[in-house]
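Undergrad: quick one, fold the following:
(chains A, B, C and D)
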There are 2 protein chains.
Amino acid sequence: MANREGLRRSGMREVAQVAGVSVSTVANVLSRPSIVAPPTRRRVEQAMVAVGYVPHGPARQLRGLPSPIVGSVTLDLANPFYAELNRGIEDALSEAGCLVLACSTDLQSAKERQLLALLQEQAVRGIIISPIDPDPTALLQVSRRGTPVILIDHPRRQLDLCAVAVDDVVGGELAAEHLLSLGHRRIAFLAGAIDPGPVARRREGARRVLAAAGVDPADALVDIRMSDHPRSSVSVAAQAVEQILATRPALTAIICLNDTAALGVLEGLHTAGVRVPDDISVVGYDDLHFAARLSPALTTVHQPKRRLGRAAAELLLDEEHPDHTHREVHFRPTLRVRASTAPPPRRR
Amino acid sequence: MANREGLRRSGMREVAQVAGVSVSTVANVLSRPSIVAPPTRRRVEQAMVAVGYVPHGPARQLRGLPSPIVGSVTLDLANPFYAELNRGIEDALSEAGCLVLACSTDLQSAKERQLLALLQEQAVRGIIISPIDPDPTALLQVSRRGTPVILIDHPRRQLDLCAVAVDDVVGGELAAEHLLSLGHRRIAFLAGAIDPGPVARRREGARRVLAAAGVDPADALVDIRMSDHPRSSVSVAAQAVEQILATRPALTAIICLNDTAALGVLEGLHTAGVRVPDDISVVGYDDLHFAARLSPALTTVHQPKRRLGRAAAELLLDEEHPDHTHREVHFRPTLRVRASTAPPPRRR
DNA sequence: GTGAAAGCGCTAACAG
DNA sequence: CTGTTAGCGCTTTCAC
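TA: Below is the predicted model of the structure:
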């Protein structure tokens, strides 16, 4: 009946009292059970369940132990790409008993800064970030102050940070090469109003391929920007299509910034009565689970989303290690050719 | 040049020293700026930026201030339904300066228990959970020990907890009613191997509707279970279809546990050469962004995912309030009739 | 208005 | 093996 557990939290003191030992013995049972005499240990363990003891994480942290919490800062955690990424992070972290604090910036540098500050205050174990702000000084500062930072899909340059990335330039090249080899010479590159690094690099990749093939990119690659309303990017894309069709009738292919946008594009083309791929080819990016099941099945550039997250988390956990050196892990995107791309129509 | 900021973390002590005041004055500047003389305050504020002061959250918590971190425990954070839910939670929390710690249980009660323990240790502000374990005692205990718990899609019964839910029985009814009114009398209910509460309730709803219409559910509603491999539920569903077609040729409609499974079902039917909705009708659940863009566009039951998360977070934040009383917020799912359902074929 | 002091729950020497 | 002690960084009375 000594079981008073259930009402409020009790600490090591109560445990010690019930077990008739000192707090440090309780502490020993927790962190170095082997040095405690088995009978004592048992007594303490019983006392712990009797009072319903739950260790207090923040107090431990105050004593200098690392927090099990890792911050993940992405553009939008509801975006399937980042949801998968976060899952990869979680998978790797959970093996180490760590947890993911998932945050969205909605493409706003201000929010990003705010989140970095908050995470720093929480003294998280580290931060995995897909930055929107091209200026890395804030990140470097966070890192210098003792919170490890892992970059996702951001040029590392000479930065003194770890990074993981899928090569976006290659991704853009793959998409453009494919269309080029099919015979397309008037290609739209559909992006958002705000252009995060990865999208810009894909465009650059596409441009390079065209130039290398002797096609003038300024002429062959038409840049189209959607108004950014992240909540419903697919309907925005559908609208964008109307505009494309109206102003650029000569276009024979569209490269979309991601599969979600491609979804909207397919819909827009469908309602406009334009056939895919017969009249216009469409290429997505990310290879989300639904891409292969659309009709037509979407040709897209695959990214290893979970593995990316996993790699980031592993790098972060490795920062603990005394002889850790910052490094970069690279992945290559791969083209998944499906049914949404074909040679351009004969008559333009 | 006194600016030593950048190397390691510095605390209130350094700030106090640089500003030539005591720690308590620094503390006052932070928590009650008004009682500090303006010149002093300015001096302190300058000192804070000079040393690059970052408050230490855990230490504050130790002094009894609430943590800004809220745990969200779902079946899988990469599942678009839960990703949207988490985003709703994040939206509401961010307005209060709080953050979401997102966790996945993968339908395993053991993981759930483990996560609850971890979150409790972190002394989070509260926990929002979509429980897989039907036994609520662990949750009640967490709550009694001082960590507020908000239930998602879990029967509250007389439990002394807040809850938010979309009425799953109604959802099942809507789906079944729709098919029934189209003339279907042999309907498959496709679920996973593990049957979380929400799915069980949808099946129950479907059953009720059939019974109420004078159709024997034991006969008209065929229960089909997929092997649970959460990572690729869509391909599993595609496989399940083969089996359905082989063993139950008389079926004219399939209700899927969610849209992702429906994706696989559509694919499976397509490869099997079965036309949707001409030969078989398909109904999904959740109304994910891609549902309306499939072909045929998916008839499905819509759930207000973000609002659900928002409501949960708001209830949680309200638990702070001294005169808070536990309550339940309900949402009604709605049927979205699209192109994947039609009357059954004449000849069976 | 400002500072001194106590202590949140825990860990880590160090003594016994 | 076990207990004593001294803080970790911060908030909060309570004197000055």
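
Undergrad: going forward, measure contacts between C-alpha atoms and count neighbours the same way
TA: Fine.

Undergrad: A:Ser34: neighbour count?
TA: Look at A:Ser34: counted by other CA atoms under 10 Å in any protein chain shown, it has 11 neighbours.

Undergrad: what of A:Gly11?
TA: Other residues within reach of A:Gly11 by the criterion other CA under 10 Å amount to 15.

Undergrad: quick one, phi/psi of it?
TA: The main-chain torsion angles of A:Gly11 are listed as degrees, to the nearest 10 and equal phi -110, psi -170.

Undergrad: now A:Cys103: how far from B:Ile127?
TA: The spacing between A:Cys103 and B:Ile127, counted by CA to CA, to the nearest Å, is 17 Å.

Undergrad: could you do A:Leu294 as well?
TA: From A:Leu294 across to B:Ile127, the span is 37 Å (CA to CA).

Undergrad: now A:Gly284. Its backbone dihedrals?
TA: Phi and psi for A:Gly284, reported as degrees, to the nearest 10, are phi -100, psi -170.

Undergrad: what sits opposite it in the beta ladder?
TA: Assessed by DSSP bridges, A:Gly284 has beta-bridge partners A:Thr300.

Undergrad: any idea of the pLDDT on it?
TA: At A:Gly284 the predicted local confidence, pLDDT, stands at 98.

Undergrad: any idea which helix or strand comes after the one helix or strand in chain A whose mean pLDDT sits lowest?
TA: For chain A, scoring each helix and strand by mean pLDDT, DSSP states H and E identifies helix A:233-247 as the least confident one, at a mean of 81. Toward the C-terminus, helix A:233-247 is succeeded by strand A:253-256 as the next helix or strand (DSSP states H and E).

Undergrad: quick one: is that following strand near chain B?
TA: No - Strand A:253-256 stays out of contact with chain B when judged by CA under 8 Å from any CA of the partner chain, the minimum separation being 15.9 Å.

Undergrad: so what strands line up beside that strand?
TA: As defined by DSSP bridges, the strand partners of strand A:253-256 come to strand A:187-192 (parallel), strand A:281-286 (parallel).

Undergrad: CA-only coordinates of stretch A:198-213, as CSV, when you get a sec.
TA: Taking Å, rounded to 0.1, in the frame of the first residue of the first chain, the C-alpha atoms of stretch A:198-213 are listed here in CSV:
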residue,chain,number,x,y,z
PRO,A,198,17.5,23.1,-55.2
VAL,A,199,15.0,24.3,-57.8
ALA,A,200,17.4,26.9,-59.1
ARG,A,201,20.1,24.2,-59.6
ARG,A,202,17.7,22.0,-61.5
ARG,A,203,17.0,24.7,-63.9
GLU,A,204,20.7,25.3,-64.2
GLY,A,205,21.2,21.7,-65.0
ALA,A,206,18.6,21.8,-67.6
ARG,A,207,20.1,24.9,-69.1
ARG,A,208,23.5,23.3,-69.3
VAL,A,209,22.3,20.2,-71.1
LEU,A,210,20.6,22.3,-73.7
ALA,A,211,23.6,24.5,-74.2
ALA,A,212,25.8,21.5,-74.5
ALA,A,213,23.5,20.2,-77.2
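
Undergrad: now that stretch: average pLDDT?
TA: Averaged across stretch A:198-213, pLDDT comes to 97.

Undergrad: now that stretch: buried residues?
TA: Residues of stretch A:198-213 classed as buried under the neighbour-count rule (16 or more other CA atoms under 10 Å in any protein chain shown) are A:198-210.

Undergrad: with stretch A:249-269 instead?
TA: By neighbour count on 16+ other CA under 10 Å, the buried set for stretch A:249-269 is A:251-269.

Undergrad: ok, now stretch A:25-43?
TA: A:Thr25, A:Val26, A:Val29, A:Thr40, A:Arg41, A:Arg43.
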